[in-house]
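Student: predicted model follows, preceded by the sequence.
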Amino acid sequence: MTRRWLLAFLLAAPAAAARSADDVRIVPINPDASVRFVHVSPDDGTVQESAGPSTFCLKDAGNGGILQFGPATGAYVACGADGFFEQGVGTVTTQDGVVTLSHKYGSPAFQGLESVHATVNPTTGQGSASFNARDESHGTFVRLSISSANVFADSCGSCPAQTAINEGALNAFPIPTNTISFGTSANDVTVLQQFSLNSDFDGHVSRLVMGIGRQGAGPLSFQWTVYSDHNGSPGDPVYTSAPVTYPDFPGLPTIGIVSLDARIVAGVRFWAGIRYDPQTDPIYFPYGTNSDSPLAKIAYCEPGHACGPVTAIQGFDNARSLFISADYRSSWLASGGAVEYGSQPMDVLSEKCDGAYYRFDYDGTRLVQLYAENGPGTSLAPRVYSNAFARITPILAAQMAGLDGIAETRYNGVRYSAFSFTQGTDLRWCTRPGDATDYACHSISGFGGGTGHYTRIVGVDAGFEISFGNAQQDRIERWMITHGPTAWQTQPLNPLLGQIGNPEFGFPWFAAASSKVGVAYSYQTSTGQPQIQLTSGNVFYGPFALGTDVPPPGFNSTLATRMAADCTRGGLCVFGRYQTVSGKNLLDMVDFRASIADPEIRTWQIGSGIAGLQFGRAVSLRGRNETALYASYTPSSIADQYRLQLDGIDLGKYTKFTISYDFGAGTSHYPLTLSRADDEWGLAHKFGIDLLYKWDAGCAPARFRGHGSATGGTEGTPPPFPCQVPIVQKF
C-alpha cells in the first residue's frame, strides 16, 4: 500500500477552563523486562523489525571505548572512557552481510581521509571500530580502537553526552522506566510536547518521530497533530494527519517507533504529538526522568477544554520529555533543527556565525547548550546539508551565576571559545575548540572564594584572561589562562584596585574587552566617577576618567546596570553604560592605537536609558570601518512597556542611525547579546536572535527579519528609522 498523508485543518475548540485528565494511569515498565525499540509501519498492518537493531553498540571491554550508530541513518556517537567524544553522520553500506560505517571529518587536519570506520557482522554479533576523537585537554586528535565480541549484549549508556535529535530517529536516551496513559472517561484526547527554536530558524517541520506502547498487543489507530504556540501553551491546531492504523501493534515493554514525513509550517515554537481515542486505542506514552533528558513542556487536551500541563498530575511531575523528536528544514539548516527546549534563557548567550549557531540556557539548576550547524560558510543559503545537525548537551548540573559573554583565542592554530561563571564558592570556566561541539569545564586554581557573582572573560594571545568582581573588597580579581602541552593552566594576576564600586550596592557591572595592546576594564568608582584601565599582564595604564556620574543612593542592588565593551585588535575600544545623573545610555570611545599612556577619549549620549540589573546593554565594534552597534532598552510611551533600541554609530563621521520599537512588557529579564558574521549583525535577546541585517546601503539594513514581541516574536513590518543623523559630542 502506498503511504499517503492528508493535510487537514481543524477548527479551534471554544475557550474553556483547563481541567485535569481523568483516570490517569502511570504504568511502570518491569525493570526485569528488556525494553525493545522496533520500527512499525502502517503500510501492511504488520510489525516490522528493522534489518538489525535500531542501533548497533560497540564497546571495548579493555579501554572502555564506545561507538554507537544507527544502521538506517548512519548517525553515530563515539566516546572514550577518558573523556574523548565525537558525533556525526556517516555512510552505511552492507556487503556479504557485513554492515560498515564510514565517515570523513571536515577538519583540514585529516586531508579528506577516513576518520571513522566500523564494521558489524549481525550474524555473529562481532564488531570493530577505529575513530579519531579529541578531548578539551588534548591539542590533537587521538586514534581509538574498539573490539566488541557481541554488539547485541553491550550497553552504550555511558557516553558523557548524547544527541537529542538523531537525524529523525527516536531519542535514544534514557531507557524509559514509566509510561502514562489516559482512561476511558474521554474519547478524544491529544497529548502534545512543546518544541522551541530560536527565531533564526525559518522553515518547516519535515519529520516527526515518536515512541509509543500499549498494554498488550493489538490494533491501534491515531492521528499526528501539530498545534501553534500561544504564550507557552498550545494554541490552535495547524495540522492533523489522516488516521494511521496498525492492525497489530506490539505491547509493552516493546516500544514501537512511528514516524511521519510531512511539510508543516509551524513557526519557531510549536506543539507536536498524537490525537487518539483512549476507549478504543489504549496508547501509553513512555517518558524520561533522567537528568540527561531534554526539558520539555507536555500538555493534555480535550475538545471543549483548554489544554493543560500534564506535569501537574501527581506522579508525572518529574517527567522531562516524551519519546518524541522532530526534524526541521530551514533556509540554512536541514535535518534535526527542532529540539525540545524549555529552559529559560540566562543572559542569552547566542551566536550565529559561519554556519553554526549555539545558545546556552540555564533553568536554575542545569546549564545546557543548544548547538546546530551546517558546516562553515553556509549560514545564508547552503546548497547541501550533509553536515547539518542539532543537539542539546548538558554542560553541568549546579546552581551558577555570572555567565555573561563568550571569548575566543587561538593556540597552535586551533581556535577556542570560552565562558566563565561562579558556582557557589568556585570560579569556573568552560572551553571548546573550534572544530568540536562540546564544552569542557574547569575551575580556577587557588580562587579561594569571594562575594559577588560578576565574571568576565576575554581572549588574549594563546589563552584567556578571567576577572571576578569581588564585592567584599571592592576590587576586580584577575587570572591568566594558558594552554600547556596537554592541559589548561591558571596563573593569578594583580587585581585592579582603587575603591571600585561593587554591584551589590547598585554600581554598574564592570566590563572588559581585549586588544593586542592589552585588556581594557571599565568600571565606576565608589564616588561615582566612571574610569577605564588598560592592563598587559601585571602592567597597568591609567586609570583614565570617562566623565562624571553620581553614586547610587544607599544599598540598592536593583539599581546596578550592565556595562558592555568591545575592542579591535589595534586598540580602538567602545563601552556602553547607563549614566544615572542624566538618565541616558552613553557610548564611550577610548582609542589606544596612537598612545596607550594618553588615549583619545570621546563620549556620546545615545538616548534615554533604564537603570537596573535586569536590563542589558550590548556593544559590537567593527574595526575595518570604525563602526559600532549599540543595543539597549529605552522607556516607551506605552504604559508598562519598554522599547528595544539599536544605534549604528560611525565613530569617524560622528553620525548614527537608530532603530527602535516596543518590545518588552512589565518587569522581566531582558538581556542582550550582539554577534556578527562577516557583514551581518545579529541581535540576541530573551526570545532568541531577532534581527539580522547587512549594513551596506547607507544606513539602511539590507535584510531585516520580523521583530519580536513579549510573547515570543512574529514577523512584522520593519520599524521606521532615521538615516545618518549627527550625534553631539557630550564631553
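Tutor: It's in. Numbers count the residues shown, from 1 in each chain.
Student: quick check: phi and psi at Phe505.
Tutor: Per-residue torsions, Phe505: phi -100, psi 10 (degrees, to the nearest 10).
Student: so what's it closest to, chain neighbours aside?
Tutor: Phe555 (5.5 Å; C-beta to C-beta, 6 or more residues apart in numbering). Heads up, the C-betas are built off the backbone N, CA and C, glycines and all.
Student: before we move on, what about Thr91?
Tutor: Thr91's closest residue in space is Ser102 (C-beta to C-beta, 6+ apart), at 5.3 Å.
Student: partner residues bridging the one you found?
Tutor: Judged by DSSP bridges, the bridge partners of Ser102 are Thr91, His117.
Student: and for the residue nearest to Phe505, the neighbour number?
Tutor: 9 (other C-beta atoms under 10 Å).
Student: report the beta-bridge partners for Ser228.
Tutor: Beta-bridge pairing for Ser228 (DSSP bridges): Phe270.
Student: thought it was touching Val265?
Tutor: No. With contact defined as C-beta atoms under 8 Å, Ser228 does not count as touching Val265 (10.1 Å).
Student: among these two, which residue is more densely surrounded?
Tutor: A direct count of neighbours by other C-beta under 10 Å for Ser228 and Val265 places Ser228 higher, at 16 against 12.
Student: what sits against that one?
Tutor: Ser228 makes contact with 234-236, 238, 266-267, 269-271, according to C-beta atoms under 8 Å, 6 or more residues apart in numbering.
Student: restricted to buried residues, select those residues in ChimeraX.
Tutor: Per 16 or more other C-beta atoms under 10 Å, the buried members of the contacts of Ser228 correspond to this ChimeraX selection:
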select :234,235,238,266,267,269,270,271
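Student: looking at the contacts of Ser228, which one is closest to Pro394?
Tutor: Distance to Pro394, by C-beta to C-beta, is smallest for Arg269 among these, at 22.0 Å.
Student: pretty sure the closest one sits against Gln194.
Tutor: Yes. Between Arg269 and Gln194 there is a contact at 7.1 Å, judged by C-beta under 8 Å.
Student: joint contacts of the two?
Tutor: Between them, Arg269 and Gln194 share the contacting residues Asp229, judged by C-beta under 8 Å, 6+ apart.
Student: packing partners for the host helix or strand of Tyr300?
Tutor: In the assignment (DSSP states H and E), Tyr300 maps to strand 298-301. Counting contacts by 3 or more C-beta pairs under 8 Å, 6 or more residues apart in numbering; DSSP states H and E, strand 298-301 is packed against strand 189-196, strand 233-240, strand 308-309.
Student: got the contact list for the residue nearest to Phe505?
Tutor: Applying C-beta under 8 Å, 6+ apart, the residues near Phe555 are 504-506.
Student: turn these into TSV, columns for distance to Thr184.
Tutor: Listed next are the contacts of Phe555 as TSV, based on distance: C-beta to C-beta, whole Å:
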residue	distance to Thr184
Glu504	58
Phe505	62
Gly506	60
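Student: what lies in contact with the strand holding Tyr300?
Tutor: 13, 21, 182, 189-194, 233-234, 271, 287, 307-311, 319, 321-322.
Student: please redo it, this time with the cut-off set to 6 Å
Tutor: Here strand 298-301 makes contact (C-beta atoms under 6 Å, 6 or more residues apart in numbering) with 21, 190-193, 234, 307-311.
Student: and that strand, which strands flank it?
Tutor: strand 189-196 (antiparallel), strand 308-309 (antiparallel).
Student: least confident pick among the contacts of strand 298-301?
Tutor: Among these, Ala21 carries the weakest pLDDT, at 52.
Student: as a markdown table, the contacts of Phe555 with neighbour count and distance to Tyr362 would be great.
Tutor: Shown next, in a markdown table, are the contacts of Phe555 (neighbours: other C-beta atoms under 10 Å; distance: C-beta to C-beta, whole Å):
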| residue | neighbour count | distance to Tyr362 |
| --- | --- | --- |
| Glu504 | 18 | 21 |
| Phe505 | 18 | 25 |
| Gly506 | 22 | 24 |
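Student: and of those residues, the nearest to Gly469?
Tutor: Glu504 (9.1 Å).
Student: for that closest one, give me its contacts.
Tutor: The contact partners of Glu504, taken as C-beta under 6 Å, 6+ apart, are 471, 557.
Student: how many neighbours does Asn187 have?
Tutor: By other C-beta under 10 Å, neighbour count at Asn187 equals 12.
Student: can you start the count at 155 instead of 1 from here on
Tutor: From this message on, residue numbering opens at 155, which makes the last subject Asn341.
Student: check the gap between it and Gly427 for me.
Tutor: 17 Å (C-beta to C-beta, to the nearest Å).
Student: cool, Pro330 as well?
Tutor: Taking C-beta to C-beta as the measure, Pro330 falls 16 Å from Gly427.
Student: for Ala625, same thing?
Tutor: Taking C-beta to C-beta, one finds Ala625 at 47 Å from Gly427.
Student: more neighbours: which of the two?
Tutor: A direct count of neighbours by other C-beta under 10 Å for Ala625 and Gly427 places Gly427 higher, at 26 against 20.
Student: tell me the pLDDT of that one.
Tutor: 93.
Student: surely it forms part of a strand?
Tutor: Yes. Looking at Gly427 with DSSP: H, G, I helix; E, B strand; the rest coil, it is inside a strand.
Student: please list all residues in contact with the nearest residue to it once chain neighbours are set aside.
Tutor: Among residues not flanking Gly427 along the chain, Leu346 sits closest, at 3.8 Å (C-beta to C-beta, 6+ apart). Applying C-beta under 6 Å, 6+ apart, we find Leu346 in contact with 381, 388, 425, 427, 453.
Student: from those, pick the one nearest Phe698.
Tutor: So of those, ranked by how close each gets to Phe698 (C-beta to C-beta), first place is Trp425, at 53.9 Å.
Student: what about the closest one, distance to Leu374?
Tutor: 22 Å.
Student: in the stretch 305-454 of the chain, which spans are strands?
Tutor: 332-336, 343-350, 357-368, 372-384, 387-394, 398-403, 408-418, 423-430, 437-442, 452-455 (DSSP state E, counting those that start in this stretch).
Student: got TSV for those, with distance to Asp752 too?
Tutor: Shown next, in TSV, are those (distance: least, C-beta to C-beta, whole Å):
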stretch	distance to Asp752
strand 332-336	69
strand 343-350	51
strand 357-368	53
strand 372-384	55
strand 387-394	59
strand 398-403	75
strand 408-418	62
strand 423-430	52
strand 437-442	61
strand 452-455	62
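Student: what's the neighbour count on Val194?
Tutor: 22.
Student: what is it paired to in the beta sheet?
Tutor: Val201.
Student: host element of Thr576?
Tutor: strand 568-577.
Student: by contact count, what packs against that strand?
Tutor: Here strand 568-577 touches strand 561-565, strand 580-587, strand 609-614, going by 3 or more C-beta pairs under 6 Å, 6 or more residues apart in numbering; DSSP states H and E.
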